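J.: Starting from these lines, generate the structure:
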Amino acid sequence: MSPAAIRAGAAFHRLPEGASAVAAPVLRPVPGGGGRLFVGLLGSGALPAWVLPGSAEPARAWALLPGAEGVVLVGGDALSSSGDGAEPLHLPILPPARAPLTRSAAPEGEEAPPASGSGGGFRLSRADGALDLPFAALERLIPMPALHSLPEAPPGACGMAWTELGPALVLAGEEGEPLLALLVVEGRRLGLPCRGAAPLAQAPALPLALLHPGLLAAAPLALPPAAVAPLPTRLLLLARAGETGFALPLEEVAAVLPPQVPRNAGSGALAGIAAHRGDVLPVLDAGTRLGGRPVLTGGALPMLRLQGAQPAALAVSAVLGLRAVPETDLAPVPGQGLVAAMARLDGAVLPVCRARALLAPLVVSLAGAAP
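T.: You can find the predicted model right below:
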């Protein structure tokens, strides 16, 4: 039995004769639709879809209705087999297509463009009327970008715009229109200023004015955005010793220890010891290792457990975090010294140190203490 009414919240709306219940479509929002107007993908077709005010989101019940523009979808909370007491259903009325670009018939001797086989289209709202387009022609609807002048622009064009999809030849429109419809016509990208878009059930033909050879000759090719290969990066752990910033390759840091005070203060390279995961680690002072003042002055400081044949901890003033630095911003320093590379980071240049070189004095000290 065909549904006679649809409920949206507490209100019942009477459905027209010929309505039928359908499964929930896949919805795609339409800009300017206020969260109620969608393109409904149902099977292999694309239809206008309205969710009635007061309905739960997402709408749980859907009906397919005949209409002047073709079939449409209406969503609500529930369908009813009785229309008693239901108020008439009022659907949004789309404006008639009356833009100068739209032609009802081809001039004598000129072939009309073939109708789109996409099964639907869009109606663009413009200051001078409306323009119907097949689905296949509309690439995307975006906020109006900045316009740039174009030397020897063809009639009907007002400039060029660079968009997220690439460059587009922008056609003339009223000043202040907030949106730009990106169109692909015969492999070229055009931009058409507009105020919004609404779906159409029937596929319109492509307007002949968009096929003008002079216009297409000046329009850029609608090439897909070039794939950007990810830049190789190096993970660096950033730290600070006093006022001196430095970095270590992440693979050379075994762990970050919480702030603590080294025990059994030593002399020379050894600043004391610290316990970590059952190991007793000799502690080095990052300040003295980098040629500055000691950072161990009695307070608790974070420490970095460095990788190496001899496990050890490096006391630092602060651990600043982990950063992925492009390898193009790393300049290697030849040799086996303390600094392995210089890194450009946020406008500053930081030394990237070698853990093995930081531990070198400790290795020498322990070797000298061995019997």
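
J.: so what's the closest residue to Gly308 other than its chain neighbours up against?
T.: Distances taken as Cβ to Cβ, 6 or more residues apart in numbering place Leu359 nearest to Gly308, at 5.2 Å, with adjacent residues excluded. (Each C-beta comes from the backbone N, C-alpha and C, glycine too.) For Leu359, the contact set (Cβ atoms under 8 Å, 6 or more residues apart in numbering) comprises Leu284, Leu306, Gly308, Gln310, Ala312.

J.: The third one contacts Arg354, correct?
T.: Same thing as Gly308. No. Contact between Gly308 and Arg354 fails when scored by Cβ atoms under 8 Å: they sit 10.1 Å apart.

J.: So if I had to pick from those two, which one is more boxed in?
T.: Shown here are Gly308 and Arg354; by other Cβ atoms under 10 Å, Arg354 has more neighbours (20 against 16).

J.: Once you drop chain neighbours, what's closest to Pro3?
T.: Closest residue to Pro3 apart from its sequence neighbours, by Cβ to Cβ, 6+ apart: Leu79 at 4.0 Å.

J.: now the stretch 101-250 of the chain, which segments are flagged as low pLDDT?
T.: Residue ranges of the stretch 101-250 of the chain with pLDDT under 70: 101-119, 225-226.

J.: how does it look with 80?
T.: 101-121, 197-203, 224-229 (pLDDT under 80).

J.: so how far is Pro249 from Asp128?
T.: Here the criterion is Cβ to Cβ, to the nearest Å. By it, Asp128 lies 62 Å from Pro249.

J.: quick one, which of the two is more surrounded?
T.: Shown here are Asp128 and Pro249; by other Cβ under 10 Å, Pro249 has more neighbours (17 against 12).

J.: pretty sure the more buried one contacts Val352?
T.: Yes. Pro249 is within contact range of Val352, at 6.8 Å (criterion: Cβ under 8 Å).

J.: which residues do these two both contact?
T.: Common neighbours of Pro249 and Val352, using Cβ under 8 Å, 6+ apart, are Leu236, Ala340.

J.: Adjacent strands (with direction) for the helix or strand where Leu284 lies?
T.: Using DSSP states H and E, the element containing Leu284 is strand 279-285. Note on strand 279-285: by DSSP bridges, its sheet partners are strand 272-276 (antiparallel), strand 312-315 (parallel).

J.: With adjacent residues omitted, what lies nearest to the spatially most central residue of the chain?
T.: With distances taken as Cα atoms, centre = their mean, Glu164 lies nearest the centre of the chain, 10.6 Å away. Distances taken as Cβ to Cβ, 6+ apart put Ile142 closest to Glu164, at 7.0 Å, once the chain neighbours are dropped.

J.: For that neighbour, list each beta-bridge partner.
T.: Beta-bridge partners for Ile142, by DSSP bridges, are Leu180.

J.: what sits against it?
T.: Ile142 makes contacts with Thr163, Glu164, Leu179, Leu180, Leu182, as judged by Cβ under 8 Å, 6+ apart.

J.: Tell me the backbone dihedrals of the second one, please.
T.: What that stands for is Glu164. phi -60, psi -20 (degrees, to the nearest 10).

J.: With just CA atoms, put the helix or strand that contains Ala168 into CSV.
T.: Using DSSP H and E, Ala168 maps to strand 166-171. The C-alpha trace of strand 166-171 is given here as CSV (Å, rounded to 0.1, in the frame of the first residue of the first chain):
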residue,chain,number,x,y,z
GLY,A,166,43.9,24.4,-10.2
PRO,A,167,43.4,27.5,-12.3
ALA,A,168,40.1,28.4,-13.8
LEU,A,169,38.9,31.0,-16.3
VAL,A,170,36.2,33.0,-14.4
LEU,A,171,33.2,34.1,-16.4
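
J.: Give me the helices and strands touching that strand, please.
T.: Here strand 166-171 touches strand 157-163, strand 179-185, strand 188-194, helix 213-218, going by 3 or more Cβ pairs under 8 Å, 6 or more residues apart in numbering; DSSP states H and E.

J.: could you pull out the helices for the stretch 201-350 of the chain?
T.: Counting by DSSP state H, counting those that start in this stretch, the segments of the stretch 201-350 of the chain that form helices are 213-218, 286-289.

J.: Can you dump the C-alpha atoms of the shortest one in PDB for me?
T.: Output for helix 286-289, consisting of C-alpha atoms alone and laid out as PDB, is shown next (Å, rounded to 0.1, in the frame of the first residue of the first chain):
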ATOM      1  CA  ALA A 286      74.400  18.700  28.900                       C
ATOM      2  CA  GLY A 287      75.500  22.300  29.700                       C
ATOM      3  CA  THR A 288      79.100  21.300  30.100                       C
ATOM      4  CA  ARG A 289      79.100  18.900  27.200                       C
END
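
J.: shouldn't Ala286 be in contact with Ala318?
T.: No. Counting by Cβ under 8 Å, Ala286 sits too far from Ala318 to count as a contact (10.3 Å).
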